[in-house]
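K.L.:
Using only what follows, build the 3D model:
(one chain, ligands or ions: 1)
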Amino acid sequence: MPKITFVEHNGTQHIVEAPIGKSVMQVAVDNMLPGIVGDCGGCCSCATCHGYVAPEWAAKLPPVQEDEEMMLEGALHTRPTSRLTCQIVVGPDIDGLVVELPVSQF
Ligand code: FES
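P.N.:
Residues are numbered from 1 along each chain as shown. From the prediction side, this is the model:
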């Protein structure tokens, strides 16, 4: 099973197993990780699943779609590698993904 590393704003790392087909947001919520809430359940309308993908991963993931981009425009502390983790689906190729969590969600 792929593994994803979530890094809290204070540097605390959580390495979790990510079932194929789930969103990265759902993986975080299922593991009760602090920093990802997923208020809207993954329908791209809350931005409480905001995270920063590691730069080496940014180009490997499917590109940001228009609705995700619009939600990110209203999110706090965005960076060039900001993503809504509900829009990233776990596949075999995602093993090793690193997602840093913004301070604004703690
Ligand atoms: Fe609401 Fe991702 S969970 S936008």
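
K.L.:
So which residues on this structure come close to the ligand?
P.N.:
Proximity of the chain to the ligand, by Cβ under 6 Å from any ligand atom, involves residues 25, 38-40, 42, 44-49, 71, 84, 86. All C-beta atoms are positioned from the backbone trio N, CA, C, and that covers glycine.

K.L.:
repeat that for 5 Å
P.N.:
Residues of the chain lying close to the ligand (Cβ under 5 Å from any ligand atom) are Gly38, Cys40, Gly42, Cys44, Cys46, Cys49, Leu84, Cys86.

K.L.:
which of the residues you listed tops the neighbour count?
P.N.:
Greatest neighbour count in the residues of the chain next to the ligand, by other Cβ atoms under 10 Å, goes to Cys49: 31 neighbours.

K.L.:
All the strands of this structure, in order from the start?
P.N.:
Using DSSP state E, the strands of the chain run over 3-7, 13-17, 50-53, 82-84, 97-100.

K.L.:
And Pro55, how far from Leu72?
P.N.:
Distance of Pro55 to Leu72, given as Cβ to Cβ, to the nearest Å: 17 Å.

K.L.:
who's more crowded, those two?
P.N.:
Neighbours were counted for Pro55 and for Leu72 using other Cβ under 10 Å; Leu72 has more, 18 against 11.

K.L.:
Next, the contact list for the more buried one, please.
P.N.:
Counting by Cβ atoms under 8 Å, 6 or more residues apart in numbering, Leu72 makes contact with Ala47, His50, Val64, Thr78, Ser82, Arg83, Leu84.
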